[in-house]
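1. Need the 3D shape of this:
(one chain, ligands or ions: 3)
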Amino acid sequence: MKIVVNEKKAKNEVKVIFSQDVDSTCLITGRKDDVIMIKTEKVEQMNRRKWALLIRKIVGEIKKHKIENARIVWNEITAYKNLGENLGEVFAKNAIIADYEFRKYKKRPKEGWKDIKKIVIEAKDKDQAELKKSTKKGTVVAKYINISRDLANTPGNDMTPKILASETKKIMKNLANVNVNVLGEKQIKAKKMGGVIAVGQGSSNESQFIIITYNGAKSKSEKPVVLVGKGVTFDTGGIDTKPYPHALDMMMDMSGGASVIATIGALAELKVKKNIVVLVPAVENMPDGGSFRPGDVIKMMDGTTVEVGHTDAEGRLILADALSYAKTFKPQKVIDVATLTGASMMALGERAMAVFTRDEEFAKEIIELSEESGDFAWRLPLWEEYEEEIKGKIAEISNIGRSNYGGAITAATFLHHFAKDFKKWAHLDIAPTMTSIEGDFLTKGAKGPGVALLVNLLDD
Ligand code: BES
Ligand code: MN
Ligand code: ZN
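-> Numbering: from 1, shown residues only. Ligands and ions are numbered 1, 2, ... in the order given. As a prediction, the model looks like this:
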């Protein structure tokens, strides 16, 4: 599907009309032009969050009626003065993510898919240039959000660490100034990444450590932003195995990795003038005769000893080593993204990811941009008092908390142990928004969280 500005009328084109006066959204045919009436709220009740959902609803309606070409009048939208800026970007992004379906395993129907071809935005001349620019940006961001959803939706048998690494290379292939380097198990061992080794050692699928660099800054020596993503291609829980049905969605436990891979792709395609490094430790958490065990003590890359209180708290173990490795890049900023805890979902529900950082300014910036990007986020505390919780009995620290409470904070506190030296660091626990929910107006499965927020945070 394409979002274009001011192109001429196509055959069988349907006009989208906003109306506060219809009972529900509907298609009206048989007039001179067919129209879709979209039920909208009063101007003063509209906001940016509702606007994003309305766009997805429009696309859902166009899809439902198998319409190939639609037209929308920009005037009607800009009447909502309270929606703020970049509406073209928001339109293109939400339309394209609402159009997404995961078809990898579906047979193409004989007559072909009945896809939306084009949505034309009809704008006044004075709005055109701006609109063209912003819809183009929204289109790029949405393309990469959908790429991250493809990676996350692919089941564990077809998305092993090695496949994730090879798919990453494919995604980056035609992007300028991007380089992908993948460490295999031998190199991971040589770097003494004890956490990555331990979590992956029960799986017959070899662990990988994916490193992507993008040099967009004027100078190669400009300090990079490092993005770290959890790449657990399947999380069974390990020896402390997840009971049914908790493992069912765990092919998406590499959503953090998918998110940062997609983000660097989008930033490179947008030719952002920054240096970016992406690190994705990719492992499969499997029980086996060779697995790591409850009670094991692991020596991490930075020398910290960690006792394994629970083999299902694996994400923090691989991320800790990735954070230690991140130090070699002397980053100006580090952000890690992970489907880290069920506890973050307990705390926030399924509508906002959790943000952790001790940097007040950074927290404020992230929360503000989360609202703007549609990747909603909310802050949880990371006070040093919580460090008590992860003290080890025989090792320095443990990978689970002493109490049963505040598990999202315990996990963030564990990561902080390895991130304390960074000037600016934030951790995004995206478990709450890993999958779409009813009111999202998106297809079921991976939602692609983090990409839109990170692109807005890092673009020029
Ligand atoms: N990948 C899971 C967290 C998760 C759960 C993400 C549901 C998305 C949906 C993570 O590895 C995990 O298992 N965490 C445990 C930690 C506990 C053992 C301390 C959890 O949250 O239960
Ligand atoms: Mn787990
Ligand atoms: Zn996990």
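2. what's the distance between the residue of the chain found nearest ligand 3 and residue 341?
-> Checking the chain residue by residue against ligand 3 with C-beta to the ion singles out residue 235 as nearest, at 3.7 Å. C-betas here are computed from N, CA, C, even on glycine. Computed with C-beta to C-beta, to the nearest Å, the distance linking residue 235 and residue 341 is 12 Å.
3. Let me see the contact set for residue 431.
-> 338, 339, 340, 341, 342, 344, 345, 353 (C-beta atoms under 8 Å, 6 or more residues apart in numbering).
4. can you tell me the residue of the chain closest to ligand 2?
-> Residue nearest to ligand 2 within the chain: residue 312 (3.8 Å; C-beta to the ion).
5. Shouldn't that residue be within a strand?
-> No. Counting by DSSP: H, G, I helix; E, B strand; the rest coil, residue 312 is located in no strand; its state is coil.
6. With neighbour numbers in mind, choose between residue 235 and residue 341.
-> Set side by side, residue 235 and residue 341 give different neighbour counts by other C-beta atoms under 10 Å, the larger being at residue 235 (26 against 23).
7. any idea which helix or strand comes after the helix or strand containing residue 180?
-> Counting by DSSP states H and E, the element that carries residue 180 is strand 178-183. Sequence order places helix 185-190 as the next helix or strand after strand 178-183, per DSSP H and E.
8. buried sites along that following helix?
-> Buried residues in helix 185-190, counting neighbours by 16 or more other C-beta atoms under 10 Å, are found at 185, 188.
9. Up against ligand 2, what does the stretch 151-300 of the chain have?
-> Among all residues of the stretch 151-300 of the chain, those adjacent to ligand 2 (criterion: C-beta under 5 Å from the ion) are residue 235.
10. pLDDT value on the nearest residue to residue 51 once chain neighbours are set aside, please?
-> Closest residue to residue 51 apart from its sequence neighbours, by C-beta to C-beta, 6 or more residues apart in numbering: residue 83 at 5.3 Å. In the prediction, the pLDDT value recorded for residue 83 is 85.
11. same deal with residue 184?
-> The model reports residue 184 with a pLDDT of 98.
12. tell me the secondary structure for residue 287?
-> Under three-state DSSP, the three-state class of residue 287 is coil.
13. List the residues that contact it.
-> 202, 236, 237, 238, 239, 241, 311.
14. okay but the fifth one is in contact with residue 295, surely?
-> No. Assessed by C-beta atoms under 8 Å, residue 239 is found out of contact with residue 295, at 10.0 Å.
15. So if I had to pick from those two, which one is more boxed in?
-> Legend: neighbour count by other C-beta under 10 Å for residue 239 and residue 295, higher for residue 239 (20 against 12).
16. number of nearby residues for the residue nearest to residue 51?
-> By other C-beta under 10 Å, neighbour count at residue 83 equals 18.
17. ok so, going back, could you tell me which of the contacts of residue 287 count as buried?
-> Buried positions within these, assessed by neighbour count (16+ other C-beta under 10 Å), are 202, 236, 237, 238, 239, 311.
18. Where do the domain boundaries of this structure fall?
-> The chain breaks down into these domains under automatic domain parsing: 2-123, 143-458.
19. Now tell me which of the ones you listed the model trusts least on average.
-> By mean pLDDT, the lowest-scoring of those turns out to be domain 2-123, with a mean of 91.
20. what about it, start to end distance?
-> From the first residue to the last, domain 2-123 extends over 16 Å; the measure is C-alpha to C-alpha, to the nearest Å.
21. Show me how to select, in PyMOL, the buried members of the contacts of residue 431.
-> What follows is the PyMOL syntax for the buried subset of the contacts of residue 431, where burial is set by 16+ other C-beta under 10 Å:
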select buried, resi 338+339+340+341+344+345+353
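22. The longest helix anywhere in the chain near ligand 3 at all?
-> With residue count as the measure and DSSP state H as the assignment, the chain has helix 125-153 as its longest helix. No. Where contact is defined by C-beta under 5 Å from the ion, no part of helix 125-153 touches ligand 3; the two come within 12.8 Å at best.
23. Give the closest residue to residue 131 in space, chain neighbours not counted.
-> Counting by C-beta to C-beta, 6+ apart, residue 88 is the residue found nearest to residue 131 once chain neighbours are left out, at 4.5 Å.
24. residues from the stretch 151-300 of the chain in reach of ligand 1?
-> When proximity is defined as C-beta under 6 Å from any ligand atom, the stretch 151-300 of the chain approaches ligand 1 at 235, 253.
25. cool, the stretch 351-460 of the chain as well?
-> Counting by C-beta under 6 Å from any ligand atom, the stretch 351-460 of the chain comes close to ligand 1 at 400, 407, 431, 434.
26. Among those residues, which one has the most neighbours?
-> Neighbour counts for these peak at residue 431, which has 29 neighbours (criterion: other C-beta under 10 Å).
27. For it, what are phi and psi?
-> In terms of degrees, to the nearest 10, the main-chain angles of residue 431 are phi -50, psi -40.
28. same question, residue 452
-> The phi and psi torsions at residue 452 (degrees, to the nearest 10) take the values phi -60, psi -40.
29. Same check on residue 234?
-> Here the main-chain torsion angles of residue 234 (degrees, to the nearest 10) amount to phi -150, psi 130.
30. partners of it in the sheet?
-> Each beta-bridge partner of residue 234 is listed here: residue 284, as defined by DSSP bridges.
31. Please work out how many residues are found near it.
-> Neighbourhood size, residue 234 [other C-beta under 10 Å]: 22.
32. my guess is residue 79 meets residue 43, correct?
-> Yes. Taking C-beta under 8 Å as the definition, residue 79 is a contact partner of residue 43 at 6.6 Å.
33. Can you report how many residues lie near the residue nearest to residue 131?
-> 25.
34. Check the one 4 residues further on too.
-> Residue 92 is surrounded by 28 other residues when neighbours are defined as other C-beta under 10 Å.
35. didn't it look like it was pressed against residue 131?
-> No. Taking contacts as C-beta under 8 Å, residue 92 lies outside contact range of residue 131: 9.6 Å.
36. circling back: can you tell me which two in the buried ones among the contacts of residue 287 are farthest apart?
-> Checked with C-beta to C-beta, these reach their widest spread between 202 and 237, with 10.9 Å between them.
37. list the residues that contact both of those two?
-> Common contact partners of residue 202 and residue 237 (C-beta under 8 Å, 6+ apart): 285, 287.
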